[in-house]
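**Q** show me the folded form of this:
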Amino acid sequence: MNNPKVSIIVPNHNYSDFISDAILSIKAQTYPNWECIIIDDASTDNSVGVIKNSIRGDDRFKLVVNPESVGVSATRNIGLDMATGEYIAFLDSDDCYMEYFLEMLVGLAQRTNASIVGARTAFAGSRFKFKPSNIKWNMNDYVVYDNPMDMEKAPQNRKWIWIWRRIYKRDLLQQVRFHNEMKINGDDITFMLDLLYRVPNVVESNIAGIYHRVHPLSITSSYQKFNFERVKMFPRLFEHMRKNLLDKYDKPFLKLLYKNLFGYMLSECLVKYSATLTEQNKQDLRELLSEACNLIVKEYLPRDQRLLCEYLAGIKYE
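**A** Alright, predicted model coming up:
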């Protein structure tokens with residue numbers, strides 16, 4: 001079994017407290033053939049200094065510093081354009097790979113001939129410090145998903161939109177990029193939806209391979225403060241689905257996907273931040289919901305959601 005190169009793409013923005021751990025976890029990989037492209041998206045903390053100190057003397061790392069912030073999608077695209085590996089991996093700068101992550105997934109990709117191979121997720125807190133796990137992993141312990149609906153139903157530690165817990169054949173990504181308008185979140189949803197219909201299956205190890213750090217600043221944290229840019233993803237996402245994806249997936253998957261995304265949108269727009277919203281926030285959210293609901297293909301929603309969606313779509317503001 002040969003050792004094809006893996007290009008690891010790490011976007012960073014103001015995570016100086018965590019990125020040295022992420023770099024340590026990359027250096028600890030038992031798989032020998034990798035390059036790591038770190039793109040700092042105009043951090044205003046001391047991230048660049050921390051990164052330079054952490055990668056000093058190791059020419060497997062390349063650092064790019066954006067002169068101004070362009071968002072996570074455009075930042076990852078810079079890494080994709082620079083990558084030279086046969087496989088692509090992503091790592092958020094507040095997360096850490098387990099030391100066998102690349103060895104296990106490359107081996108599994110070669111064994112199964114799959115273009116997308118993933119591992120389960122382990123969760124860590126803000127005080128987590130990386131050290132080798134010494135977990136005994138078994139390459140024979142895996143599951144094959146040949147239906148996107150099964151992935152949508154998978155448990156949290158196999159969340160299908162979490163792009164950083166997988167590796168991807170670079171050839172698969174020649175025609176796929178992140179959507180630059182997704183500056184904070186939603187980039188993973190559109191990226192995976194643009195990929196899944198292109199492959200017959202996705203292989204997933206039953207072994208945890210990555211630590212996902214949950215802390216007050218993380219995108220997945222319930223402590224995130226309201227940021228209107230976070231919810232702008234919804235009309236952008238629904239527009240992309242309407243224009244590009246409806247003929248790529250079967251109706252049962254689309255029904256489940258729309259149902260879950262509609263519920264997610266209501267949670268983000270009406271529930272999650274309700275106690276802290278200003279009147280202007282509420283006005284902006286109502287207008288955004290109206291725009292998003294006009295882009296949803298309502299036949300894919302269950303009846304109760306469809307009625308609410310039609311109501312929200314009809315709300316107009318001067």
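
**Q** helix or strand with the lowest mean pLDDT in the chain?
**A** helix 228-231 (a mean of 89; mean pLDDT, DSSP states H and E).

**Q** for that helix, the distance to its chain's centre please.
**A** Centroid separation for helix 228-231 versus its chain: 16 Å, with C-alpha atoms, centre = their mean, to the nearest Å.

**Q** tell me which residues of it are tucked away?
**A** Residues Arg230, Val231 are the ones in helix 228-231 that count as buried (16 or more other C-beta atoms under 10 Å). Backbone N, C-alpha and C define where each C-beta goes, glycine included.

**Q** now do the helix or strand following it, average pLDDT.
**A** Using DSSP states H and E, the next helix or strand after helix 228-231 towards the C-terminus is helix 233-244. The average pLDDT for helix 233-244 rounds to 97.

**Q** could you do stretch 141-152 as well?
**A** Stretch 141-152 carries an average pLDDT of 94.

**Q** which outside residues touch that stretch?
**A** The contact list for stretch 141-152, computed with C-beta atoms under 8 Å, 6 or more residues apart in numbering, reads 108, 112, 114, 154, 158, 160, 196-197, 200-207, 249, 252-253, 256-257, 260.

**Q** pull out the buried members of these.
**A** Buried residues within those, counting neighbours by 16+ other C-beta under 10 Å: 108, 114, 158, 160, 196, 202-205, 207, 249, 253, 257.

**Q** could these be laid out in CSV, adding secondary structure, pLDDT and distance to Ile167?
**A** Putting these into CSV (DSSP: H, G, I helix; E, B strand; the rest coil; pLDDT from 0 to 100; distance: C-beta to C-beta, whole Å) gives the following:
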residue, secondary structure, pLDDT, distance to Ile167
Leu108, helix, 97, 9
Ala114, coil, 97, 10
Arg158, helix, 92, 15
Trp160, coil, 95, 15
Leu196, helix, 96, 15
Val202, strand, 97, 11
Val203, strand, 97, 10
Glu204, strand, 97, 12
Ser205, strand, 97, 11
Ile207, strand, 96, 14
Tyr249, coil, 97, 23
Phe253, helix, 97, 24
Leu257, helix, 97, 24
